[in-house]
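Asks: Attaching a predicted model along with its sequence, questions to come.
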Amino acid sequence: MSTVTTYRPSTLAELRDALVDSEGERVAIAGGGSAADWGGAPQYDAVLDTTGMSGLISYNPTDMTVAVQAGMPLATLQETLAENAQWVALDPARAATVGGLVATADAGPVRHTFGTSRDSVIGVTVVLADGTVARSGGHVIKNVAGYDLAKLFHGSLGTLGVLAEVVLRLHPRPAATATLAVPCDAAEAFDLGGRLIHASLEPVAVEYCAGRLLARFDGTAGGVADRLRRARALAGPDAAEAPAHVWDEVAAVSDGSDGDTVVRLGTAPDRTPSLTALIAREAAAHAVTAAMTSSPFAGAHTVRLRGGTPAAHAAVVTALRTEYPATTVCRWTAGLRDELPAWGAPPPAVAVMRAVKHAFDPDDRLGSGRFAPWF
Amino acid sequence: MSWTSELAEVLGRENVIADPARLRTYECDGLTGYRVQPAMVVLPRSAEEVAAAVRVCARHGVPFVARGAGTGLSGGALPVADGIVISLQRLRRVVEIDPVNLRAVVEPGVTNLDISRAAAPYGLYYAPDPSSQQVCTIGGNVAENSGGAHCLKYGFTVNHVLAAEVVLADGSVTRLGGDSPQLPGYDLLGAFVGSEGTLGIVTQVTVRLLATPAAVRTMVADFATVAGAGDAVTGIIAAGIVPAAVEMLDNLAIQAVAASTQSVYTPDTAAALVVELDGPPDDVEEQFAEVQEICRRYGSTKIMVAADADHRALIWKGRKAAFAAVGRISPNYFVQDGVVPRGRLAEVLGRIAAMADEAGIRVANVFHAGDGNLHPLVLYSEAGGQHDRAEHLSTAIAELCVELGGSLSGEHGIGADKACSMPRMFGEDDLATMLRLRSAFDPDGLCNPGKVFPTPRLCGERPGPYRPHPLEEAGVIERL
């Protein structure tokens, strides 16, 4: 039995050395560990733990930008920024590192307005498998000089290189915030969400979870009160203001817990009702309890499967993939990997992805097998 | 058969241009100081024809340059002498406006403004608004990752493109992105947007549409000094307000605007800020009052609030026409596009003024102050023999922005114009890593060669100016 070496660098130089020293070994990159399961299971001889690289590099509240080592937990960063009433406009469910968020392309309900980390990251420093240290972007929010490597690494799941440093643009924390909850089915939720948007009420998040549409409004105290009132008028008598902790339920579905299977997928917004129906139908047919949370207008959905056999989970995911091949399994119930390939049908540009992987990591050292069978 | 005959056969003789007189139309883009006559221009009518033309190029090793409206300001569409220009002007269909899914599908030759026009009946619009939006095309916007006055709040092209059909350098067609931004795998679409035509040619684009904001308020605040206006911008941002736009014009720019259109700007003010807020009415009113208060606190001498939509349009007309207006006060000019951190606006404007004085060259400033994106207009007379001095000053300003922790370019792109300055901003390994991405898309380097990256042919055999490696900055390695 082979032993696994763990590298835990705390500086850029140590990180570079770790990649040089581990030449010939296959390396798995680990951050907060909350997305270790995403996609395929990588083959590795060594683990590169980024959590030692958790420092704040520079923070300019006036410029509303911050540079951190990629292993810093997002929650820690948000605490620091809150002192200046600022934040990174990302609210994922997981306890992730900043680098982990870029590598997984994960996001939470405010993706409706602010997108994912690709829309907040303005610069990166990465270390490639051969020890090359490269940066792109910079410290200013507007910048088109050179290729944007941060985008390329967005969703790379540790297969192109190691994110060492990340520069982010910040947003002011709103003076006031309020959430409207409306019990309804998915079709009504999609319709109402669309009406809130077309009425220019500018909800910062619109989420459909557990039979309720949640719409959150951020802004000035007067502005939020006014919009909440008008949104209630549009939504009808069942609409009510909900406490902030309703968003914890969204996070609970999105993150799942041990024994669950969690699947992430993207669709066109108007597929939300039919996708909801598909999940309910397949879950019932295979005796699995399904929960789902959707950011309908970002077309982002997370499905949590609980109970039932691994084969039943596999059957539901397979049915899902038939219609929506671009699904990512984020959490695998025990035994599911034996029943289900890591990925569905590849995206149209898989040949380009393969070429990019080869250009950045020709020996397939980093996250080897993470995207198998695509590459 | 020669490759030129092959292209004529594949596309039809009436869809290629080889006559030198007609080729001249294509020898430059908005960066008119750089001119190269291509061997041929092709005018495909469909994505299939674009792909067919690229396949001929790939087979014969002929470089190709995609071109939209030719409004680019960095020479991104500058032809290659032994290559072809692929004009996308005939691909100009709005394929679909989908108000339910809040998106539009368009061909690359559709102008930026025509997307918003097509979406307007549904109460929707396309947010990025480069000053040339009446003419510039979405294909060019994708190539350059174009911004505009309102990208401070709404982001850039890359934040608004969901999917693109792309012809790759080997002539194959693929699709980047998709129905949702939440798709597995590398974000190739994100990397492609802003790659300045070096990774492929976009033949169809799916963009996000936004609901038209319920309220818009616009003001012009005058300042007695440029530094005062710069400090006010810093103050607005620091107060946690995100205006839709914050633009600055200095006195020289205001004079130029006054010389060309019906100007609403105060003729003798040292600087003016255009601040626009949009969004829900109550939020906007509250913050609009706060912005006025901040401007006064930083010494604003006069605040003019746009009375109605027509008045607002006049304010914007002056701002957006400023580049062209400069032609009224100077026979020639260079436009720079550097970016500085927003806290350093007053400092950089002071240094630019000092450099201009020293060079004996006038510099007008009209720019996107809210995101630190400068557009210094370096005014000179070709006939007066000032060209070299002006060009030197222009480059020095861009490189000053990098020195202050900013960027060479905020939205115009590197193109042919600033490729030789790239080593100021990026080290050898940074550029080599970017070239790995290029090689994955275009191993033979046929797709818009000579742009973005410095080459010995373009920049001379001299190595770029010295710039410390990140490890060197960290004190880990030394260079003797």
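Replies: Received it, and whenever you're ready, just let me know what you need. Residues are numbered from 1 along each chain as shown, chains lettered A, B, ... in the order given.

Asks: how about the helices in chain A?
Replies: For chain A, the helices defined by DSSP state H occupy A:12-21, A:74-82, A:98-104, A:111-114, A:149-153, A:186-198, A:221-235, A:246-255, A:272-285, A:310-323, A:350-360.

Asks: mind giving me CSV with those and columns for mean neighbour count and mean pLDDT?
Replies: For the C-beta atoms, the positions are set from N, CA and C on the backbone; glycine is no exception. As requested, the helices of chain A are exported to CSV (neighbours: other Cβ atoms under 10 Å in any protein chain shown; pLDDT from 0 to 100):
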stretch, mean neighbour count, mean pLDDT
helix A:12-21, 20, 98
helix A:74-82, 16, 98
helix A:98-104, 29, 97
helix A:111-114, 22, 97
helix A:149-153, 28, 97
helix A:186-198, 20, 98
helix A:221-235, 18, 97
helix A:246-255, 19, 96
helix A:272-285, 18, 98
helix A:310-323, 19, 98
helix A:350-360, 20, 98
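
Asks: Can you list the residue ranges for helices in the stretch 151-300 of chain B?
Replies: Under the criterion DSSP state H, counting those that start in this stretch, helices of the stretch 151-300 of chain B are mapped to B:151-154, B:188-192, B:226-238, B:251-260, B:281-297.

Asks: now the helices of chain A in CSV, with distance to chain B?
Replies: What follows is the helices of chain A, written out as CSV (distance: least, Cβ to the nearest Cβ, whole Å):
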stretch, distance to chain B
helix A:12-21, 4
helix A:74-82, 12
helix A:98-104, 10
helix A:111-114, 8
helix A:149-153, 3
helix A:186-198, 5
helix A:221-235, 3
helix A:246-255, 12
helix A:272-285, 10
helix A:310-323, 12
helix A:350-360, 4
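
Asks: since we're on residue 287, how many residues are nearby?
Replies: Chain wasn't specified; assuming chain A. 10 (other Cβ atoms under 10 Å in any protein chain shown).

Asks: Hmm, no, I was thinking of chain B.
Replies: Neighbour tally, residue B:287, other Cβ under 10 Å: 23.

Asks: What distance do you get for it to residue A:130?
Replies: Distance, residue B:287 to residue A:130, by Cβ to Cβ, to the nearest Å: 50 Å.

Asks: So what's the gap between stretch B:376-386 and the chain middle?
Replies: Centroid separation for stretch B:376-386 versus its chain: 22 Å, with Cα atoms, centre = their mean, to the nearest Å.

Asks: Quick one: mean pLDDT for that stretch?
Replies: Across stretch B:376-386, pLDDT averages out at 94.

Asks: Kindly export it (C-alpha atoms) in CSV.
Replies: Presented in CSV, the C-alpha positions along stretch B:376-386 are these (Å, rounded to 0.1, in the frame of the first residue of the first chain):
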residue,chain,number,x,y,z
PRO,B,376,-6.5,60.7,-21.6
LEU,B,377,-6.7,62.3,-25.1
VAL,B,378,-3.2,63.3,-26.1
LEU,B,379,-3.6,66.2,-28.5
TYR,B,380,-0.9,66.9,-31.1
SER,B,381,-0.3,68.1,-34.6
GLU,B,382,1.1,65.7,-37.1
ALA,B,383,2.0,68.6,-39.4
GLY,B,384,3.7,70.4,-36.5
GLY,B,385,6.0,67.4,-36.0
GLN,B,386,4.7,66.5,-32.6
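
Asks: winner for burial among the helices of the stretch 151-300 of chain B?
Replies: Mean neighbour count, computed with mean count of other Cβ atoms under 10 Å in any protein chain shown, is highest for helix B:188-192 among the helices of the stretch 151-300 of chain B, reaching a mean of 27.

Asks: And the contacts of that helix?
Replies: The contact list for helix B:188-192 (Cβ atoms under 8 Å, 6 or more residues apart in numbering or on different chains) reads A:118, A:147-149, A:151-152, A:154, A:349, A:352-353, A:356, B:142, B:158, B:161, B:163-164, B:166, B:176-177, B:199-200, B:202, B:437.

Asks: Great, nothing more from me.
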